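K.L.:
Coordinates for the following, if possible.
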Amino acid sequence: RRHRTAEGMGTVALVGGGPADAGLITTRGRRLLAMADVVVADRLGPRSLLTGLSADVQVIEVGKLPGHHPVPQDEINRILVEQALLGNRVVRLKGGDPYVLGRGGEEEAYCRDHGVPVEVVPGVTSAISVPAAAGIPVTHRGVAKGFSVITGHEDIRQQTGLIPPGSDHTLILLMGVALLRSSAASLITGGRKASTPVAIIENGWMESQRVTTGTLETIADLAELRDVKSPAVIVVGNVVALSPHWQPA
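P.N.:
Here you go, the predicted structure:
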């Protein structure tokens, strides 16, 4: 079953699994997963696919929780190379897309630095697909002609000056629940209207998906009231008002 190169080395495939729904992984991702000897899996992404693997496939869990990374990134990198050097065909199954705030670039570089053949399989990024699951297009004719994706688990004050302040430019925050209150305040200070629509989509594409809508002025209080948790995607801009979940004040 093992796949070896001419030198007897295995391979690594960094596979973007998309946002939890098993139907949203690419056909190439599914094919590589079916051929894998070892799967290094995140807690997000199409977890149901793991149950369909052959009994002789080794699954190594390296999932991270907000503020809790039991397997540090350096160790994940090491595992990928170690398993490939043993001659295994390794699939790193990640949620969303490995190259959109997914540290896929770090994993690819580490494999290449250690002479391990590595392939990247793009995935459906949660930055676009999760808003779509809530009926929110990130762009829409006459409403928004562009969008930006930024990490929300760091202070965004230094980033706001790089993003158009108008609500006709959609802003998507990933990993932004913990700092939502300060992020909303920073966006208002940076020039966005307090009345700008905001949506938080928890557990996108899962049965437990939940959508909370409000404005930059109200969203932090609403999130606290509803006990919003990660994983969640936060959307800021006029496109939120296109969603069937939108409840204008």
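K.L.:
what's near enough to touch residue 111?
P.N.:
For residue 111, the contacting residues are 12, 77, 80, 81, 84, 117, 118, taking Cβ atoms under 8 Å, 6 or more residues apart in numbering as the criterion. To be clear about C-beta, it is placed using only N, CA and C from the backbone, and glycine gets the same treatment.
K.L.:
So what's the residue count around residue 201?
P.N.:
One way to gauge burial is a neighbour count; for residue 201, by other Cβ atoms under 10 Å, it gives 28.
K.L.:
for it, what are its contacts?
P.N.:
When contacts are counted by Cβ under 8 Å, 6+ apart, residue 201 is found next to 130, 131, 133, 134, 136, 209, 210, 211, 232, 233, 234, 235.
K.L.:
from those, which ones fall inside strands?
P.N.:
Using DSSP state E to define strands, the subset of the contacts of residue 201 located there is 210, 211, 232, 233, 234, 235.
K.L.:
what's the closest of these to residue 199?
P.N.:
Distance from residue 199 was checked for each of the ones in strands among the contacts of residue 201 by Cβ to Cβ. The minimum falls on residue 235, at 4.7 Å.
K.L.:
Distance of the closest one relative to residue 103?
P.N.:
As judged by Cβ to Cβ, to the nearest Å, residue 235 and residue 103 stand 23 Å apart.
K.L.:
more neighbours, these two?
P.N.:
Between residue 235 and residue 103, counted using other Cβ under 10 Å, the more crowded position is residue 235 (25 against 15).
K.L.:
Let me know the distance separating the more buried one from residue 246.
P.N.:
Distance of residue 235 to residue 246, given as Cβ to Cβ: 11 Å.
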